[in-house]
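Asks: what's the 3D shape of this:
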Amino acid sequence: MEGGGGSKIRSAALLQEIGTMHRLHNRNEEASRMFEEGLAVARSTGDDPAIASLLLHLGTVQAQRFKYAEAETSFTQSLDIFEYIGDDLGRANALYGLGEIHAGRYSYANAKEFYTQAQTIYTNIEKELGRADALQALGRIYEIQNQYAEAEECHTSALALYTNLGEERGTAGALHHLGSIHEAYSRYDKAEESYTQALTIRTNIGDALGRANELYSLGGINEKRSNYTEAEEFYTRALNVYTSIGNAMGRAIALYGLGGIHAARSNDTDAEESYTQALEISTSIADDYRRTNTSINLSKIRLRQGRYAEAKNLINDAAVISDRINYPWGKTTSQQLLLEVVAAERSTIESPSSNSAPSNPTAGKTTSATESSGATDP
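Replies: Got it, this is the predicted structure:
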């Protein structure tokens with residue numbers, strides 16, 4: 001009996017290792033299947049530590065696949081078991097996972113609370129890698145809330161820890177977020193330097209998703225400098241990588257970026273195509289911030305084309321979502337655009353002989369991907 005039980009436990013551990021390898025290579029469907037099989041084995045033997053560990057890994061993959069309800073259940077169950085068996089490291093990891101779920105749902109106050117609890121435990125048990133991860137996560141929340149000084153402090157501390165540990169993936173992540181902060185402060189040379197360093201590391205370690213994120217960010221820097229040819233090249237390269245690894249959110253943001261480039265060049269046909277594809281993907285994965293931004297930018301094209309009913313539908317959709325998720329930029333911009341559409345309609349009715357659409361002082365403006373508060377680094 002003991003021999004058979006031991007074999008099952010080893011099998012569960014092996015399945016977890018295989019699943020982890022799949023996850024690190026962004027093969028999340030295969031990883032999920034391995035973790036579920038391992039979980040079944042661990043439950044059959046009543047091995048609580050293995051059950052908690054596999055639930056933790058499963059929750060991570062579920063979160064990456066935007067299955068937040070399932071991931072929350074997995075993390076919560078693993079947290080309960082870790083607390084029961086007195087495993088502080090496991091408890092911290094589960095709390096961190098719950099922070100990721102709340103961040104993905106834009107519930108930033110709750111996310112910050114879970115990350116802070118996790119960081120406290122990591123610090124108390126002297127787990128520097130976990131502490132660095134929690135600092136980086138807190139830095140992301142501060143970024144989203146435009147608290148850049150606090151964000152920079154968190155990411156700088158995380159970078160030092162990752163560098164000392166020789167943890168390349170974490171180092172790349174910290175460099176990316178520092179690049180984002182430099183970008184927010186319009187320190188574009190420093191931002192480009194950080195993103196380029198991160199891109200080199202991502203490429204060297206075979207992190208395809210991270211490489212795509214850095215390519216996208218470099219596209220954004222070039223867009224802000226009005227280097228549209230270079231920006232288009234970076235966005236296209238990012239889109240190709242996101243597509244090759246099946247990352248829907250990445251495809252949406254890259255298409256959104258390309259839409260902005262086409263719009264800046266007054267190429268409404270290509271902009272419309274890119275924005276429409278981005279909107280379809282954002283809607284399908286419930287990325288409300290990207291859906292709002294894309295709807296607003298697509299409505300600007302509809303306004304220029306004199307397709308007022310379609311423009312109003314897009315604006316109303318953006319307004320409803322912005323109210324629901326409390327997105328100030330979306331609320332304000334949708335209100336302004338709706339007034340412009342109404343004015344344009346009225347002008348057309350009053351001047352029926354006019355064959356051209358009325359001028360729109362904001363029509364050529366586009367929203368960069370970084371204006372979205374929900375545009376996190378996958």
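Asks: quick check: mean pLDDT across stretch 78-94?
Replies: Per-residue pLDDT over stretch 78-94 has a mean of 97.
Asks: Buried residues of it, list them for me.
Replies: 78, 79, 81, 82, 87, 90, 91, 92, 93, 94 (16 or more other Cβ atoms under 10 Å). Heads up, the C-betas are built off the backbone N, CA and C, glycines and all.
Asks: Which stretches in the stretch 101-250 of the chain count as helices?
Replies: 108-124, 128-144, 148-165, 168-184, 188-204, 208-224, 228-244, 248-264 (DSSP state H, counting those that start in this stretch).
Asks: Next, the buried residues of the third one.
Replies: Read that as helix 148-165. 148, 151, 152, 154, 155, 157, 158, 159, 161, 162.
Asks: Got the confidence number for the fifth one?
Replies: Predicted confidence (pLDDT) for residue 155: 98.
Asks: List the residues that contact it.
Replies: For residue 155, the residues meeting the contact criterion (Cβ atoms under 8 Å, 6 or more residues apart in numbering) are 135, 136, 139, 174, 177, 178, 181.
Asks: Could you identify which of the residues you listed has the most neighbours?
Replies: residue 139 (29 neighbours; other Cβ atoms under 10 Å).
Asks: on that earlier part again, between the contacts of residue 155, which is nearest residue 29?
Replies: Set against residue 29, the nearest of the contacts of residue 155 by Cβ to Cβ is residue 136 (26.4 Å).
Asks: remind me which residues of the chain are low pLDDT?
Replies: Residue ranges of the chain with pLDDT under 70: 1-10, 351-378.
Asks: if you skip the residues just before and after it, what's nearest to residue 60?
Replies: In space, and not counting its chain neighbours, residue 60 is closest to residue 97: 6.3 Å by Cβ to Cβ, 6 or more residues apart in numbering.
Asks: Helix, strand or coil: sort out that neighbour for me.
Replies: Here residue 97 is recorded as helix under DSSP: H, G, I helix; E, B strand; the rest coil.
Asks: doesn't residue 58 make contact with it?
Replies: No - counting by Cβ atoms under 8 Å, residue 97 does not reach residue 58; the two are 10.1 Å apart.
Asks: Looks like residue 279 contacts residue 296 (just checking).
Replies: No - with contact defined as Cβ under 8 Å, residue 279 does not count as touching residue 296 (10.4 Å).
Asks: For residue 236, see how far away residue 251 is.
Replies: Relative to residue 236, residue 251 is positioned 12 Å away (Cβ to Cβ, to the nearest Å).
Asks: Show me which of the two is the more surrounded one.
Replies: residue 251 (23 against 15).
Asks: what number of residues lie near the nearest residue to the more buried one once chain neighbours are set aside?
Replies: Once flanking residues are discounted, residue 251 sits nearest to residue 242: 4.7 Å by Cβ to Cβ, 6+ apart. Under the neighbour criterion other Cβ under 10 Å, residue 242 is assigned a count of 25.
Asks: Kindly report the same for residue 240.
Replies: Around residue 240 there are 13 other residues, counting by other Cβ under 10 Å.
Asks: so who does it touch?
Replies: Residues near residue 240 by Cβ under 8 Å, 6+ apart: none.
Asks: switch the cut-off to 10 Å
Replies: By Cβ atoms under 10 Å, 6 or more residues apart in numbering, the contact set of residue 240 is 212, 215, 251, 254.
Asks: so what sits against both of residue 279 and residue 296?
Replies: Residues touching both residue 279 and residue 296 by Cβ under 10 Å, 6+ apart: 314, 317.
Asks: now the host helix or strand of residue 80, how far from the chain's geometric center?
Replies: Element membership for residue 80, per DSSP states H and E: helix 68-85. How far helix 68-85 lies from its chain's middle: 23 Å, per Cα atoms, centre = their mean, to the nearest Å.
Asks: Quick check: the gap between residue 136 and residue 283.
Replies: Going from residue 136 to residue 283 by Cβ to Cβ gives 30 Å.
Asks: now do residue 315
Replies: Counting by Cβ to Cβ, the gap from residue 315 to residue 283 is 15 Å.
Asks: Who has more neighbours out of these two?
Replies: Of the pair residue 315 and residue 283, residue 315 is the one with more neighbours under other Cβ under 10 Å, namely 26 against 16.
Asks: is it true that that one touches residue 331?
Replies: No - between residue 315 and residue 331 there is no contact under Cβ atoms under 10 Å: 11.3 Å.
Asks: contacting residues for the residue lying closest to residue 325 once chain neighbours are set aside?
Replies: By the measure of Cβ to Cβ, 6+ apart, the closest residue to residue 325 outside its immediate chain neighbours is residue 288, 5.2 Å from it. When contacts are counted by Cβ under 10 Å, 6+ apart, residue 288 touches 105, 106, 282, 318, 321, 322, 324, 325, 327, 330, 372, 374.
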